[in-house]
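**Student:** starting from these lines, generate the structure:
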Amino acid sequence: MSGEVQGCNVENTSSLNGFGHGIEQWVQQMERLTPLTGQDTYQQLQELLRQRDLDALLAIFAERVAKIVRIHTLHLDCGQPHSLIAHPPQARQVLHGYRFELRGQHEQLLGQLQYELDQPMSDGQRRLLEQYHQLFCLPLPLYLRLSRLEQQVRLDHLTGLGNRAYFDEAIGRAVEQHCREPHGLVLVLLDLDRFKQVNDTWGHPVGDLVLSRFAQLLQGCIRGTDQAFRLGGDEFALLLQPADPEAWRPVWLRLQHVLHSHKELSAFSVGCSLGAASWHSGMDVERLYATADAHLYARKKAGEAGILE
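**Tutor:** Below is the predicted model of the structure:
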């Protein structure tokens with residue numbers, strides 16, 4: 001895979017004061033980089049600024065750049081990874097990699113975009129991408145700050161994983177996205193075995209420690225594009241994407257290994273049960289969750305009977 005790094009600099013302001021002047025200055029820069037006109041620039045900037053949150057901003061940006069180049073995968077790293085576009089790998093497929101730095105006011109690094117393309121990028125495509133990158137850099141700092149504030153109310157304070165409200169939002173958004181462009185989504189539900197015994201014997205402070213340690217192990221068993229949540233009590237969930245229907249199996253194997261080798265959790269004989277469901281066309285959130293829950297129940301019963309696969 002070929003690769004190169006490009007810088008993308010833009011004079012922008014992350015505060016509302018002077019924002020209009022920053023836009024005018026940016027438009028003047030953009031007009032020197034045809035083919036976008038000043039009117040096009042204003043319209044597209046207004047479209048970006050109308051987005052409700054960071055995820056929506058990233059989605060509209062990905063939609064725009066996908067009209068310029070044929071994208072196999074597109075990732076943004078801005079302190080945490082975001083998968084904007086992801087198509088399953090194909091045998092003997094040759095991909096062409098390109099990295100672009102996103103820089104804002106005073107040259108501060110906002111993040112890095114990494115493209116994998118089906119075809120090499122032309123000079124004209126590069127110039128147009130750089131224009132969109134500069135446009136993207138104007139609202140990005142504001143949306144990043146808003147996202148960080150939202151994360152504070154989305155996280156479970158004990159484990160640092162997403163909470164139930166965030167899970168409900170994330171799974172709804174994931175199913176909606178896959179209805180438009182399927183690339184593989186697997187829901188995994190987990191609960192801890194013998195956790196009540198830990199609470200009853202050692203007390204809730206030790207139980208909280210067990211939950212926190214399990215969450216750390218769980219987070220370490222998934223990829224950067226996956227998400228982990230604590231639904232409540234000793235119940236957890238994962239959203240794996242992009243993923244094939246059996247993607248939960250390697251996660252399960254890794255989790256069993258780290259649970260057995262973890263000194264604290266193995267001392268309390270803590271295990272876990274897992275159920276999974278793969279999204280397919282026509283499946284809504286309720287059906288996806290119910291399918292994973294039924295799989296969890298069946299595997300728990302099989303484990304108790306000693307016949308778990």
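**Student:** for the helix or strand harbouring residue 170, buried residues please.
**Tutor:** For residue 170, the host element (DSSP states H and E) is helix 164-180. By neighbour count on 16 or more other CB atoms under 10 Å, the buried set for helix 164-180 is 166, 167, 170, 171, 174, 175, 178. Glycine gets a C-beta too; all of them are placed from N, C-alpha and C.
**Student:** could the residues you listed go into CSV alongside distance to residue 95 and pLDDT?
**Tutor:** Output for the buried residues of helix 164-180, formatted as CSV (distance: CB to CB, whole Å; pLDDT from 0 to 100):
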residue, distance to residue 95, pLDDT
166, 32, 93
167, 32, 96
170, 28, 95
171, 30, 96
174, 24, 94
175, 28, 94
178, 23, 89
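**Student:** closest to residue 273 among those residues?
**Tutor:** Closest approach to residue 273 among the buried residues of helix 164-180 (CB to CB): residue 167, at 18.2 Å.
**Student:** hang on, isn't the closest one packed against residue 231?
**Tutor:** Yes - proximity of residue 167 to residue 231 meets the contact threshold set by CB atoms under 8 Å, at 6.2 Å.
**Student:** identify the contacts common to the two.
**Tutor:** residue 237 (CB atoms under 8 Å, 6 or more residues apart in numbering).
**Student:** what about the residue lying farthest from the centre of the chain, which helix or strand?
**Tutor:** Each residue of the chain has a distance to the centre, and by CA atoms, centre = their mean the biggest one is for residue 201: 37.9 Å. Element membership of residue 201, judged by DSSP H and E, is helix 195-202.
**Student:** counting contacts, what elements does that helix pack onto?
**Tutor:** Taking 3 or more CB pairs under 8 Å, 6 or more residues apart in numbering; DSSP states H and E as contact, the helices and strands that helix 195-202 lies on are helix 204-220.
**Student:** any idea of the mean pLDDT for the helix it packs on?
**Tutor:** Helix 204-220 shows a mean pLDDT of 94.
**Student:** can I get the buried residues of helix 164-180 in a markdown table with distance to residue 238?
**Tutor:** Shown next, in a markdown table, are those (distance: CB to CB, whole Å):
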| residue | distance to residue 238 |
| --- | --- |
| 166 | 13 |
| 167 | 10 |
| 170 | 11 |
| 171 | 11 |
| 174 | 11 |
| 175 | 15 |
| 178 | 16 |
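**Student:** hmm, back to that, now do the helix holding residue 201 against helix 204-220, angle only.
**Tutor:** Helix 195-202 and helix 204-220 are oriented at 140 degrees to each other (axes from the mean of the first three to the mean of the last three CA atoms, to 10 degrees).
**Student:** so what's the gap between helix 195-202 and the chain middle?
**Tutor:** Here helix 195-202 is found 34 Å from its chain centre; the criterion is CA atoms, centre = their mean, to the nearest Å.
**Student:** what sits up against that helix?
**Tutor:** With CB under 8 Å, 6+ apart, helix 195-202 has contacts from 206, 207, 210, 211, 234, 268, 270.
**Student:** ok, longest helix in this structure?
**Tutor:** helix 285-304 (DSSP state H).
**Student:** of the contacts of helix 195-202 - the most surrounded one?
**Tutor:** Taking other CB atoms under 10 Å as the neighbour criterion, residue 211 ranks highest of the contacts of helix 195-202 with 24 neighbours.
**Student:** right, and that one touches residue 236 too?
**Tutor:** No - if you go by CB under 8 Å, residue 211 and residue 236 don't touch, sitting 9.0 Å apart.
**Student:** in stretch 144-159, which residues are buried?
**Tutor:** Within stretch 144-159, the residues scored as buried using 16+ other CB under 10 Å are 144, 147, 154, 155, 156, 159.
**Student:** in the sheet, who's paired with residue 73?
**Tutor:** Beta-bridge pairing of residue 73, defined through DSSP bridges, involves residue 86, residue 116.
**Student:** how close does it get to residue 190?
**Tutor:** Using CB to CB, to the nearest Å, residue 73 is found at 28 Å from residue 190.
**Student:** now do stretch 145-161: distance to the chain's middle.
**Tutor:** For stretch 145-161 - counting by CA atoms, centre = their mean - the centre lies 14 Å from the chain centre.
**Student:** what's the answer for stretch 181-193, then?
**Tutor:** Distance of stretch 181-193 from its chain centroid, counting by CA atoms, centre = their mean, is 14 Å.
**Student:** walk me through the domains of this protein.
**Tutor:** If you go by automatic domain parsing, the domain ranges for the chain are 5-150, 157-304.
**Student:** contacting residues around residue 222?
**Tutor:** For residue 222, the contact set (CB under 8 Å, 6+ apart) comprises 228, 238, 240, 251.
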